[in-house]
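Asker: Fold the following, please.
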Amino acid sequence: MNGMNILKILTKKGNVALLSILLLTGCADIQLDNNNENEVTESNGSDSSKNISNDVSEESSIEEEDSTANDTNNQFGNYSRVLNNEETFYCFDWTDSDVTFEEYGESIMAEGMPEIDEYVFVDLDGQNGEELILHILDGGGNYLILTEEDNHFYGTNLGVRSFENLQEDGKFSASGGAGDNYYYTMKIGRDGVELDCFAEQHSSEDDDGNYSYELVVNGVEEDDYEEWIDENFSNPINWLKY
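Answerer: Okay, the predicted model is just below:
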């Protein structure tokens with residue numbers, strides 16, 4: 001029997017009190033049902049908000065990764081394939097094998113990808129365009145020199161004291177300890193790495209505390225060390241922060 005029939009019967013028989021009770025009970029049921037519906041609606045709304053928030057967070061993360069990759073590609077051109085761990089390079093006089101950038105990092109005790117502090121593009125040897133030189137912080141400090149030849153990448157690693165005072169024309173110096181400096185040029189390509197020590201300087205101190213310098217350039221002793229330094233090492237490159 002439906003609600004309308006009950007209402008008619010109760011009204012005819014004069015059961016007003018019972019009718020009132022039923023009506024009050026019905027109202028209570030309706031109120032309870034409405035509350036339950038509101039709770040379900042609020043719950044569904046909360047879940048939807050969480051899902052939207054998660055979707056936005058995931059999309060933002062993907063966009064940030066894409067942006068980082070694009071920045072690397074724009075900065076480093078073809079070398080980005082090495083830095084993104086997509087291609088290997090042959091690392092001469094270090095691992096003497098093809099390695100990824102991350103595997104190179106393992107060789108200098110990096111935890112994961114090597115930490116780049118600074119970088120610069122310099123044509124060291126007048127061949128194969130500009131080399132990419134990275135100052136790596138891991139392992140006490142290292143320099144990774146990369147070049148590209150015939151769509152293949154080659155590199156070598158030098159410690160911080162073996163690669164100092166890099167000049168715009170590709171010359172650099174190395175420290176041999178107190179009072180000893182060596183001056184180099186480098187060639188790097190598929191045939192390997194060739195270091196040419198074209199000058200060396202040694203200093204000594206006499207009993208009175210005066211220093212004297214001996215400079216030999218291509219086998220010939222130079223008289224004025226300071227003048228030679230001014231002429232040959234006065235155009236340092238400008239490192240770029242990574």
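
Asker: Surely Y184 and E200 touch.
Answerer: No: counting by C-beta atoms under 8 Å, Y184 does not reach E200; the two are 9.9 Å apart. Just so you know, the C-beta spots here come from the backbone N, C-alpha and C atoms, and that holds for glycine as well.

Asker: quick one, which of those two is more surrounded?
Answerer: Each of Y184 and E200 has its neighbours counted (other C-beta atoms under 10 Å); Y184 has more, 20 against 17.

Asker: Could you check which helix or strand contains that one?
Answerer: strand 180-189 (DSSP states H and E).

Asker: strands paired with whichever helix or strand comes after that strand, and their directions?
Answerer: Going down the chain from strand 180-189, the next helix or strand is strand 192-205, by DSSP H and E. Sheet pairing of strand 192-205 (DSSP bridges) gives strand 180-189 (antiparallel), strand 211-217 (antiparallel).

Asker: hey, where'd the helices end up in this structure?
Answerer: Remark: helices assigned in the chain by DSSP state H are 3-13, 16-76, 80-83, 101-107, 225-232.

Asker: ok, residues contacting the shortest one?
Answerer: Yep, that's helix 80-83 we're talking about. The contact list for helix 80-83 (C-beta atoms under 8 Å, 6 or more residues apart in numbering) reads 72-73, 76, 87-89, 100-101, 146, 153.

Asker: Quickly check those residues for the two that are furthest apart.
Answerer: N73 and T88 (18.0 Å; C-beta to C-beta).

Asker: Of the two, give the one with the bigger neighbour count.
Answerer: T88 (18 against 15).

Asker: That one touches E102, doesn't it?
Answerer: No: using C-beta under 8 Å, T88 makes no contact with E102, being 10.3 Å away.

Asker: Report the distance from stretch 208-216 to the chain centre.
Answerer: 44 Å (C-alpha atoms, centre = their mean, to the nearest Å).

Asker: what is the rounded mean pLDDT of that stretch?
Answerer: What stretch 208-216 shows for mean pLDDT is 90.

Asker: In contact with the spatially closest residue to D125 that is not a sequence neighbour, which residues are there?
Answerer: Spatially, and ignoring its direct neighbours in sequence, D125 is nearest to K187 (4.2 Å; C-beta to C-beta, 6 or more residues apart in numbering). Residues near K187 by C-beta under 8 Å, 6+ apart: 124-125, 127, 193-194, 196.

Asker: Compare those and tell me which is most surrounded.
Answerer: Of all the contacts of K187, the most densely surrounded is L124 (21 neighbours; neighbours counted as other C-beta under 10 Å).

Asker: so what pLDDT did the nearest residue to that residue once chain neighbours are set aside get?
Answerer: Once flanking residues are discounted, L124 sits nearest to G170: 4.0 Å by C-beta to C-beta, 6+ apart. Looking at G170, its pLDDT is 98.

Asker: now swap in the one 10 residues further on and tell me
Answerer: Here the pLDDT value assigned to D180 is 95.
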